[in-house]
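In: need a structure here:
(4 chains)
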There are 2 protein chains.
Amino acid sequence: MTPKDPRWLTAEQRLAWLDMVRVLTRLPATLDAQLERDAGLSFFEYHVLSMLSEVPGHTLRLSRLAQLTSSSLSRLSNVVKRLEGRGLLRREPDPADGRASRAVLTDAGTAAVERAAPGHVTAVRELVVDPLDAVQLSQLHAAHERILDRLDPASSSRPEWLET
Amino acid sequence: MTPKDPRWLTAEQRLAWLDMVRVLTRLPATLDAQLERDAGLSFFEYHVLSMLSEVPGHTLRLSRLAQLTSSSLSRLSNVVKRLEGRGLLRREPDPADGRASRAVLTDAGTAAVERAAPGHVTAVRELVVDPLDAVQLSQLHAAHERILDRLDPASSSRPEWLET
DNA sequence: AGCGAATGGTTCAAGCGTCAAGTAAATTGG
DNA sequence: CCAATTTACTTGACGCTTGAACCATTCGCT
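Out: Just a heads-up that it's a prediction; the model follows:
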């Protein structure tokens, strides 16, 4: 507990971390609530559908989709099963690999994302984008990139279709 | 979907948001895994115990503890029950208010936090503090403060015992 | 070619979180 | 000073996530 103990944080670091934890827990909860209320989707479900909607052919292998959404394959498999049950996507065997499945967005799935997106984006604006000016947002982004270097050194959760 | 559509984000904003989502999902998962593995505690449980350990008397009302940990009272109630079962804290009726309960950290609870803290802090350092220089960290903190103005305008999750 | 290891995915049980309903005590306000 | 409301918390049912075990297919090696 001495100020120089390398195991602990300085007062400033500590306060910064505490506030980060507050964001880390409240922001997802708030977005989840908004999406659930206005579109009947969890944030994770929205994320899945939204990734599919951005990719050519509206289709991705489950393993890739799991990386992109930072989820376990097990969790994704369950969610995909439910979304398939709701008709928002379907599963197809991957012709290139007998083990693999592809999730394909249906028209209903596309419609669901398009219906959910405006409200979601509004929330993201309101909570994150608007309270920061352009410089602050790019600083925030830079910090996140540094953190992601550690969290995901292989960048496996980074969508390859987005330019830096 | 036009570039100026106020409902959508610019390419930069979008990329910044996407990377924030990656952090938002991976960082808690990583910290959870570390704590679970090394100390048998979830991040949320650690957070609860840690808040108690920082406060004079090692005791807080459940409602206040719920605010501080950004959780529902229901979730907290369940977790407190489990932690009480493990002997890490106990519940006492609040003499000042017949409806209220106070969670009190036991010696075993204190020991558990002290055992878990070094590894946890190391992880926080490694993933968040070390990859950023002092300026970047304070910029990150400033951004989080702006975001928290929206997420928690009443600052109810802010520990009152920490100076700004 | 063939064997062992790794990969892709599914499933099930156990645990945890959420939401709605319920109890009890304190506060408000008429 | 009593009824209605609000606050503090608990509980139970349900749904979701996790982790382990499992099967099938493909890859890597020799």
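
In: does residue A:77 touch residue A:62 like I think?
Out: Yes. Counting by Cβ atoms under 8 Å, residue A:62 is a contact partner of residue A:77 at 6.7 Å. Quick note: C-beta positions are derived from backbone N, CA and C, even for glycine.

In: of the two, which one has the most company?
Out: Shown here are residue A:77 and residue A:62; by other Cβ atoms under 10 Å in any protein chain shown, residue A:62 has more neighbours (17 against 14).

In: so the lengthiest helix in chain A, near DNA strand D or not?
Out: If you go by DSSP state H, chain A has its longest helix at helix A:11-39. No. Figure legend: helix A:11-39 not in contact with DNA strand D (Cβ under 7 Å from any atom of the strand); closest approach 9.7 Å.

In: tell me the angle that helix makes with helix B:11-39.
Out: Here helix A:11-39 points in a direction 110 degrees away from that of helix B:11-39 (axes from the mean of the first three to the mean of the last three Cα atoms, to 10 degrees).

In: quick one: the residue in chain A that DNA strand D sits nearest to from residue B:23, how far?
Out: Going by Cβ to the nearest atom of the strand, DNA strand D is nearest to residue A:98 of chain A, at 2.6 Å. Distance, residue A:98 to residue B:23, by Cβ to Cβ, to the nearest Å: 35 Å.

In: could you list every residue that touches residue A:71?
Out: Going by Cβ atoms under 8 Å, 6 or more residues apart in numbering or on different chains, residue A:71 touches A:44, A:79, B:25.

In: just the pLDDT at it, thanks.
Out: Residue A:71 is assigned 97 on the pLDDT scale.

In: helix or strand for it, which one?
Out: Per DSSP states H and E: residue A:71 is located in neither a helix nor a strand.

In: and it, its phi and psi?
Out: Main-chain torsions, residue A:71, degrees, to the nearest 10: phi -120, psi 160.

In: residue A:98 and residue B:23: which is more packed in?
Out: Using other Cβ under 10 Å, the more surrounded residue of residue A:98 and residue B:23 is residue B:23, with 23 against 7.

In: what's the burial count for the nearest residue to that one once chain neighbours are set aside?
Out: Residue nearest to residue B:23 in three dimensions, not counting chain neighbours: residue A:144, with 5.0 Å by Cβ to Cβ, 6 or more residues apart in numbering or on different chains. Applying other Cβ under 10 Å, we find 23 residues neighbouring residue A:144.

In: just want the angle from the helix or strand hosting residue A:109 to helix A:11-39.
Out: Taking DSSP H and E as the criterion, residue A:109 maps to helix A:107-124. In terms of direction (the same axes, to 10 degrees), helix A:107-124 departs from helix A:11-39 by 140 degrees.

In: convert helix A:107-124 to CSV, retaining C-alpha atoms only.
Out: In CSV, the C-alpha atoms belonging to helix A:107-124 read as follows (Å, rounded to 0.1, in the frame of the first residue of the first chain):
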residue,chain,number,x,y,z
ASP,A,107,-34.6,-11.0,-45.4
ALA,A,108,-36.4,-10.9,-42.1
GLY,A,109,-33.0,-10.6,-40.4
THR,A,110,-32.0,-7.8,-42.6
ALA,A,111,-35.2,-6.1,-41.9
ALA,A,112,-34.7,-6.6,-38.2
VAL,A,113,-31.3,-5.0,-38.2
GLU,A,114,-32.6,-2.1,-40.3
ARG,A,115,-35.4,-1.6,-37.9
ALA,A,116,-33.1,-1.7,-34.8
ALA,A,117,-30.2,0.3,-36.1
PRO,A,118,-31.5,3.9,-35.9
GLY,A,119,-32.5,3.6,-32.3
HIS,A,120,-29.3,1.9,-31.4
VAL,A,121,-27.1,4.4,-33.3
THR,A,122,-29.0,7.2,-31.6
ALA,A,123,-28.2,5.7,-28.2
VAL,A,124,-24.5,5.3,-29.2
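
In: what's the following helix or strand after it?
Out: Criterion used, DSSP H and E; the element after helix A:107-124 is helix A:134-151.

In: for the residue of chain A found nearest DNA strand C, grab the count of nearby residues.
Out: Here chain A gets closest to DNA strand C at one residue, residue A:63, 2.7 Å apart by Cβ to the nearest atom of the strand. Using other Cβ under 10 Å, residue A:63 has 15 neighbouring residues.

In: also residue A:104?
Out: Per other Cβ under 10 Å, the neighbour tally for residue A:104 reads 16.
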